[in-house]
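A.B. asks: got a structure for you, letters missing:
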């Protein structure tokens, strides 16, 4: 009698589609996750939209999904995890490794830009790029725009013309939102619409300049990646075939370009899971598109929607307040946060007579919390705009309360750090004339016109093939910069480690540095930090790429060693506080015109984003929440005028918040 052999159904990812036996796993996923988290973590084939409310354990869910896929038998390298910061990717991979084993560290994890950087360098030939391209950071891109802008002699127009920052912002928004330059100008800068032809000319010259000099800016990384993925060459198809699972964190922060990339990545293996919270979409000013998360089920067939609503961060009272805010949102995925954390106090809505009284209340309450055993680093003051905290900073200084403020200038955006990196960029790419221009202007007696002439002369020389001292000794134009040219030669010839290159640069840069900056002693600390960072790298190209893609966020410029305390109070814009949490949170200047900001009044979409911003601020608090506003605000033209409390807190019922009125003690 013939034997029967039954063919089992095989799923798209190549593994037999039988019921997974949970008992064979080393981790009890059902027991360690709540039911919604488990549904997401155990998902395999298909498209999934995970709406993860604030504090509901989205990172934990993604970590357990990575671990479970690997335990089932999928190759870690077939899993792609895209995040918005490398820190987030690293944290997830580390947590998965601790949860399971070292296989989890082998998944493809990183930011959109770092994934694009690695992919484009690996497959550069397929897309016509030089694999040694240099990445321009925002400041570098602005300098290129300025160079092109200067060559066009816009002063002769005798009308206000946009500066380099605005021109770059218009170009970048156009690319990231897939809108025309005309649309961006009419929506954001209507007063510059008459210059559309000149701006389009600058854009065209900017693109030519980058291409001819092997330079890519942040946007180019994504544009070229999308092009590579959608052209469907053999190597692109091979890459797409090998990526079995795509996971995206903070999907509500993606722009149109990033959404296109996710769609392109999933053309062969259609297994996509995006995790995000529509109620925390607050970055439209960067080009983030709220519609990406709302329209995900339309773009990806047969999407399964999973909601994470159990909160592990905040008290029931704080969540009731947050849920109240969301009730009035127009476009949303309905959800209701809940928790098992009890014994909380109602949030307080605090009215003070003026800005200073608001500040003094916060200082006193912080000191009281400190006495109650709440450390300073578990307390934060959040605000809509950085200038809202100026009065408070004065009062904190008077009370000797140490604090760190977030939302200011980034480390690599400081002029002295950019100077040093410019030397290093030139050593890697002698055609980087933006960096040449920056460095030449550091030298006494060299202005913009002379710098341009020197650059034109340098462009005709191959520094790798000549003896600078003997060959250029009689060149009147270059004789002043012979030591600089010798430095660039030495950087190319003698040193491999970035730290060695930086030490050589510092010895040349030091006298220029001391002449240019009055506060060079303070700034030197940033250069010391740069050396420390560079010591983690064994080649300069990776170091430069990381400085552009994932720079350290904060300057140490204003923190003296002797001033350092064990703990600091946090002052932060709400945008900079997203993803963080504190025991006690103060939200200040909650009044119409400040929060929501006055510029949002003309647009229903903008008001909705301001509401989401308030929701983000409220859900940073674990135990105590104080929302304050001054009832009188000083206007430089009208003196003190009455202020209206924010529309987001007006008329809130007494079972959701306590009302506090601050009075002077006599």
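C.D. replies: Nice, thanks for sending it over. This one's a predicted model, so the numbers in the text were calculated from it and none came from an experiment.
A.B. asks: which stretches of the stretch 501-650 of the chain form helices?
C.D. replies: With DSSP state H, counting those that start in this stretch, the ranges of helices along the stretch 501-650 of the chain come out as 520-534, 540-549, 574-577, 604-618.
A.B. asks: could those go into JSON lines alongside mean neighbour count and mean pLDDT?
C.D. replies: Placement of C-beta: from N, CA and C, glycine included. Listed next are those as JSON lines, based on neighbours: other Cβ atoms under 10 Å; pLDDT from 0 to 100:
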{"stretch": "helix 520-534", "mean neighbour count": "16", "mean pLDDT": "75"}
{"stretch": "helix 540-549", "mean neighbour count": "20", "mean pLDDT": "81"}
{"stretch": "helix 574-577", "mean neighbour count": "20", "mean pLDDT": "90"}
{"stretch": "helix 604-618", "mean neighbour count": "20", "mean pLDDT": "94"}
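A.B. asks: Dump the ones you listed into CSV; add distance to residue 357 as well.
C.D. replies: Shown next, in CSV, are those (distance: least, Cβ to Cβ, whole Å):
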stretch, distance to residue 357
helix 520-534, 34
helix 540-549, 44
helix 574-577, 22
helix 604-618, 21
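A.B. asks: Could you report the distance from residue 224 to residue 135?
C.D. replies: Taking Cβ to Cβ, to the nearest Å as the measure, residue 224 and residue 135 are separated by 12 Å.
A.B. asks: what is in contact with these two at once?
C.D. replies: Both residue 224 and residue 135 are in contact with residue 216, where contact means Cβ atoms under 8 Å, 6 or more residues apart in numbering.
A.B. asks: Okay, and the beta partners of residue 587?
C.D. replies: On the basis of DSSP bridges, residue 587 is bridged to residue 382, residue 627.
A.B. asks: swap that for residue 305, sorry
C.D. replies: Assigned bridge partners for residue 305, using DSSP bridges, are residue 49.
A.B. asks: I figured it hits residue 46, correct?
C.D. replies: No - using Cβ atoms under 8 Å, residue 305 is not in contact with residue 46; the gap is 11.7 Å.
A.B. asks: more crowded one of the two?
C.D. replies: residue 46 (16 against 12; other Cβ atoms under 10 Å).
A.B. asks: can you pull out the strands in the stretch 351-500 of the chain?
C.D. replies: 379-383, 403-406 (DSSP state E, counting those that start in this stretch).
A.B. asks: And the first one, what's buried?
C.D. replies: Think strand 379-383. 379, 380, 381, 382, 383 (16 or more other Cβ atoms under 10 Å).
A.B. asks: Report the angle between it and helix 604-618.
C.D. replies: Counting by axes from the mean of the first three to the mean of the last three Cα atoms, to 10 degrees, strand 379-383 lies at 170 degrees to helix 604-618.
A.B. asks: Please work out the average pLDDT along strand 379-383.
C.D. replies: Per-residue pLDDT values over strand 379-383 give a mean of 95.
A.B. asks: Who are the packing partners of that strand?
C.D. replies: helix 355-371, strand 569-573, helix 574-577, strand 582-587 (3 or more Cβ pairs under 8 Å, 6 or more residues apart in numbering; DSSP states H and E).
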